[in-house]
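[1] what shape does this take:
(chains A and B)
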There are 2 protein chains.
Amino acid sequence: MTIKYLHDNLEKITENMTYTCEGWILTNRGNEKIRFLTINDGSTIDNLQVVIKNENIKKFKIDSLMLGNSIKVVGNLFLTPNAKQPLEMVANDITLINKTDDGFPIQKKETTLDFLREIPHFRHRTNLFRAIMIIRNSLLFEVHKYFQEHDFINVASPIITSNDGEGAGETLVVDDENKDFFFKQKAFLGVTGQLHAEAYAQGFKKVYTFAPTFRAENSHTSRHLAEFWMIEPEVAFYDLKKIISLADDLLKKVISNTLKKCHSEMKYLDSLQDGKLLPVLNKFIKTKLTIMEYQEVIKELNKVKEQFDEKDIHFGIDLASEHEKYLADKIVNGPVAVINYPKEIKAFYMYQNNDNKTVAAFDLLVPGIGELIGGSQRESRYEYLINRMKELKISIEPLQWYLDLRKYGYAPSSGFGIGFERLIMYVTGIQNIRDVIPFPRVAGIIKM
Amino acid sequence: MTIKYLHDNLEKITENMTYTCEGWILTNRGNEKIRFLTINDGSTIDNLQVVIKNENIKKFKIDSLMLGNSIKVVGNLFLTPNAKQPLEMVANDITLINKTDDGFPIQKKETTLDFLREIPHFRHRTNLFRAIMIIRNSLLFEVHKYFQEHDFINVASPIITSNDGEGAGETLVVDDENKDFFFKQKAFLGVTGQLHAEAYAQGFKKVYTFAPTFRAENSHTSRHLAEFWMIEPEVAFYDLKKIISLADDLLKKVISNTLKKCHSEMKYLDSLQDGKLLPVLNKFIKTKLTIMEYQEVIKELNKVKEQFDEKDIHFGIDLASEHEKYLADKIVNGPVAVINYPKEIKAFYMYQNNDNKTVAAFDLLVPGIGELIGGSQRESRYEYLINRMKELKISIEPLQWYLDLRKYGYAPSSGFGIGFERLIMYVTGIQNIRDVIPFPRVAGIIKM
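    As a prediction, the model looks like this:
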């Protein structure tokens, strides 16, 4: 039984029930007659308060117990409905498992996020990172659960690929130590699992990937990593409208289940953010998704262009982050899917609309964050696809297999990608992407 | 509603119930008066039989419908308890979504596994690969579910790492296209997530990774890939005995749930293997795990050494695959965990036993396959660990952070690794590891 289980099931705790707790000490307070240890076992940010009285204080050498020590405590549980914490334990036996050397870097006193980024192997032993990583875990499982309950099959798209990610020069290359073409050709770390997922959607209909992706991103922003996790569903027989509805439903279910499951962690993060986090998420869950044509968005943004650094707003521009945020925050005041973007600013594989100018793409924007999801209906017509590739001077040969999918009973297919860390940022309200992944990788830095 | 749902819920099918099926055609049989299409939607290897009668045959151009075509059929369902398949549909409307060009590589006639390995983007449209990948998906989700239900937290160990995997020269290296040290140091693709998982177990207690790992494996065997998925739980406060018990329970639950969920796929694979697959798995689930000391195993194998190519069997040898298989198949006749191996043949981080000769390691062997899991209790004593690293001439500096974990309340920790593809091979009875992953990567070959 974890401490989380106890907190979630107070009604099952009978007076004097014995309990064994293994965990780490957070605080050691009190006097000669009564002492209080708070212990955390990693299952929740809620701690267990342990009471030690009189002669037991000396017997179990309570004075020597310090922040970070691992211990085992056996005792009796009591509900304490009038106290700050709903239950506590009176200790009958305490075993110190391992002590902490001087200089344990995690101390009670305030530590900065910058400092904690230097010690990714210890920072999860703070309340903040404990909460973030528990929420990360919940989101991960809720995503898998959602897809499995909706008849999706997980596909392991390959990480090592011959595809250079449209030649943008932002891909990482792989080889063996001798650098003599271990794979007999240039090999890259995948920037997306989509193309391979598309192959599997033709046959399994509903598939998804959930795996690390890579980008040789040289910018040191709070929103980019060289290694991050992507969730990419792909559904055959789905058009743009259906895939947007899937994205909307997925987000709402996954977030609302996580709010329930991680109520303590969410409450804690909300309190750190002056109560501004939970209202945003609760509103998101309840608000119907607005769908807006890109051309309509351009018109609306133009009306308020004095708001922006980038004032030249016309058909053909890629929306800047300031535009996206304003749209979601001010114009729509809620989540919005922008659809049918100019084909010039979108990827080669997107379905070309009849207007010959736009493609059946969508970006899902949320207040505060901007883009959370990008997706599209895929170009299902072989001739359209190959012509578009030629126009964009994308080499055909490495992607011939992808073109060939269109030859053999290709059902129209749509899909999208969610940057998993972006989703965690949205749900936790954390501003720097390096704080929502255990061991962040960016240009020039590999810690641990 | 998927075709799987229909087959699993026959009792919910009411006479004449309307149903819409989107999928791909497998066969088109019959005459001028009655035609039968079998359709698969990817949710199961069970197909839906569609009946088209009389004038509808011409109306819907049934003659032109071929293997691989994607179609949409609307019709009425009927239970057919006396027929080979438990239900069928009479079609009222059929829409051909997309036809198949000549030369669709997946044909009814027998195709070899070698041939199918050349077309990983199409081979999942055969019964065999459909079954394998459905089982793969079930195993993946059951693994996540097991850990989540047992209070584990998923940890994203980094893929890009500064750790060269103990310097065995079998690691892949990563850089940007200019090869100018994008990470300002040599960077590798991880061969394990264990070391980072250990850091997180100190604080979260029960953690697991489930992610791709990489090895610059140059051997072209049926058991090795350059890119494969690993499951690595790590539990603080667990010793060798407890972690073995976890491994045993995990395997049994995950396999038994998959046998239930994928009953059709398992039955199909069993039939391809002359009924030899299911009895092995059903026996595995029911058989208590045997635990044997390495030294005892050496003694037993020595008694029958004439059986082996490698006859020199003494304390200190690494068991060969033939030894492991004989042990599980003949001596134990069931799953067996071999424990306490000589320290010379095991990794530096394993807990050194009091005999000064062995470490608290285990390998879990199963009949037919041999090793499925390898794990250990970790060395929790800083001095022992650093001395062992020095003995083995492992550079300390890149792993100082790992050593430091021992300084700050380190609770004894144990864990293991399961090669996910090995597990799929065991459950499906498939002999070549390249057939249980969608897009296999091996030295010299990247297909698609």
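
[2] hang on, A:V155 packs against A:G193?
    Yes - assessed by C-beta atoms under 8 Å, A:V155 is found in contact with A:G193 at 7.4 Å. In this view, the C-beta of every residue, glycine as well, is placed from N, C-alpha and C.

[3] intersection of neighbour lists for these two?
    Counting by C-beta atoms under 8 Å, 6 or more residues apart in numbering or on different chains, the residues touching both A:V155 and A:G193 are A:T209.

[4] buried sites along stretch A:177-189?
    A:F182, A:F183, A:A187, A:F188, A:L189 (16 or more other C-beta atoms under 10 Å in any protein chain shown).

[5] part of a helix, is A:I394?
    No - according to DSSP: H, G, I helix; E, B strand; the rest coil, A:I394 belongs to no helix; its state is coil.

[6] and which of the buried residues of stretch A:177-189 is nearest B:K393?
    Ranked by distance to B:K393 (C-beta to C-beta), these are led by A:F182 at 25.9 Å.

[7] and the gap between the closest residue in space to A:F214 that isn't next to it in sequence and B:I159?
    Nearest residue to A:F214, sequence neighbours excluded (C-beta to C-beta, 6 or more residues apart in numbering or on different chains): A:L189, at 3.8 Å. For A:L189, the distance to B:I159 equals 8 Å [C-beta to C-beta, to the nearest Å].

[8] same question, A:E265
    Distance from A:E265 to B:I159, by C-beta to C-beta: 26 Å.

[9] residue ranges of the helices in the stretch 251-400 of chain A, please?
    Ranges of helices in the stretch 251-400 of chain A, per DSSP state H, counting those that start in this stretch, are A:263-272, A:277-286, A:294-303, A:321-326, A:382-391, A:400-404.

[10] next one: the stretch 51-200 of chain A
    A:55-59, A:113-117, A:127-149, A:194-204.

[11] comparing these, which comes out most buried?
    helix A:194-204 (a mean of 26; mean count of other C-beta atoms under 10 Å in any protein chain shown).

[12] ok, back up a step: B:E397 is nearest to which of the helices of the stretch 51-200 of chain A?
    Among those, helix A:113-117 sits nearest to B:E397 (C-beta to C-beta), with 20.1 Å.

[13] what's the mean pLDDT across that closest one?
    What helix A:113-117 shows for mean pLDDT is 94.

[14] likewise stretch A:265-278?
    98.

[15] now do the same end-to-end measure for that stretch.
    Stretch A:265-278 has an end-to-end distance of 11 Å (criterion: C-alpha to C-alpha, to the nearest Å).

[16] what residues sit buried inside it?
    Buried residues in stretch A:265-278, counted by 16+ other C-beta under 10 Å: A:E265, A:M266, A:Y268, A:L269, A:D270, A:L277, A:L278.

[17] same deal with stretch A:84-103?
    Those would be A:L87, A:E88, A:M89, A:A91, A:I94, A:L96, A:I97, A:N98, A:K99, A:T100, for stretch A:84-103 by 16+ other C-beta under 10 Å.

[18] so the fourth one is in contact with A:I52, correct?
    Yes - distance between A:A91 and A:I52: 5.0 Å, which falls inside the contact criterion (C-beta under 8 Å).

[19] so what sits against both of these two?
    With C-beta under 8 Å, 6+ apart as the test, A:A91 and A:I52 both reach A:L37, A:F60.

[20] ends of stretch A:253-269, how far apart?
    Its first and final residues considered, stretch A:253-269 spans 20 Å by C-alpha to C-alpha.

[21] list the pairing partners of the least confident helix or strand in chain A by mean pLDDT within its sheet, with orientation.
    Taking mean pLDDT, DSSP states H and E as the measure, chain A has strand A:445-446 as its least confident helix or strand, at a mean of 88. Strand A:445-446 has the following strand partners under DSSP bridges: strand A:441-442 (antiparallel).

[22] residues in contact with the strand it pairs with?
    Residues contacting strand A:441-442 (C-beta under 8 Å, 6+ apart): A:E217, A:H220, A:H224, A:L225, A:A226, A:E227, A:R434, B:P158, B:I160, B:F183.

[23] look up how far A:R422 lies from the third one.
    By that I understand A:H224. Counting by C-beta to C-beta - A:H224 and A:R422 are separated by 10 Å.

[24] between those two, tell me which one has more neighbours.
    Neighbours per residue (other C-beta atoms under 10 Å in any protein chain shown) separate A:H224 from A:R422, with A:R422 holding more: 20 against 17.

[25] and the more buried one, that's in a helix?
    Yes - with three-state DSSP as the criterion, A:R422 is part of a helix.

[26] quick check: closest non-adjacent residue to it.
    Computed as C-beta to C-beta, 6+ apart, the closest residue to A:R422 that is not its neighbour in sequence is A:L372, at 5.9 Å.

[27] repeat that for A:K390.
    Take A:K390 and drop its neighbours on the chain: the residue closest to it by C-beta to C-beta, 6+ apart is A:I396, 7.6 Å away.

[28] and the one you found, what is it in contact with?
    A:I386, A:M389, A:K390, A:L403.

[29] pLDDT score for the second one?
    Residue-level confidence at A:M389 comes out at 96, pLDDT.

[30] can you get me a residue count around it?
    19.

[31] which residues of the stretch 101-250 of chain A fall in strands?
    A:153-154, A:160-161, A:172-176, A:187-189, A:206-214, A:227-236 (DSSP state E, counting those that start in this stretch).

[32] turn those strands into TSV, columns for mean pLDDT and distance to A:I313.
    Output for those, formatted as TSV (pLDDT from 0 to 100; distance: least, C-beta to C-beta, whole Å):
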stretch	mean pLDDT	distance to A:I313
strand A:153-154	98	41
strand A:160-161	94	37
strand A:172-176	92	35
strand A:187-189	93	35
strand A:206-214	97	31
strand A:227-236	98	30
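
[33] distance to A:G444 added to those, as JSON lines?
    Converted to JSON lines, the strands of the stretch 101-250 of chain A look like this (distance: least, C-beta to C-beta, whole Å):
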{"stretch": "strand A:153-154", "distance to A:G444": "33"}
{"stretch": "strand A:160-161", "distance to A:G444": "23"}
{"stretch": "strand A:172-176", "distance to A:G444": "13"}
{"stretch": "strand A:187-189", "distance to A:G444": "17"}
{"stretch": "strand A:206-214", "distance to A:G444": "15"}
{"stretch": "strand A:227-236", "distance to A:G444": "13"}
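
[34] B:S376: which of the ones you listed is closest?
    With C-beta to C-beta as the yardstick, what comes closest out of the strands of the stretch 101-250 of chain A is strand A:206-214 (26.0 Å).
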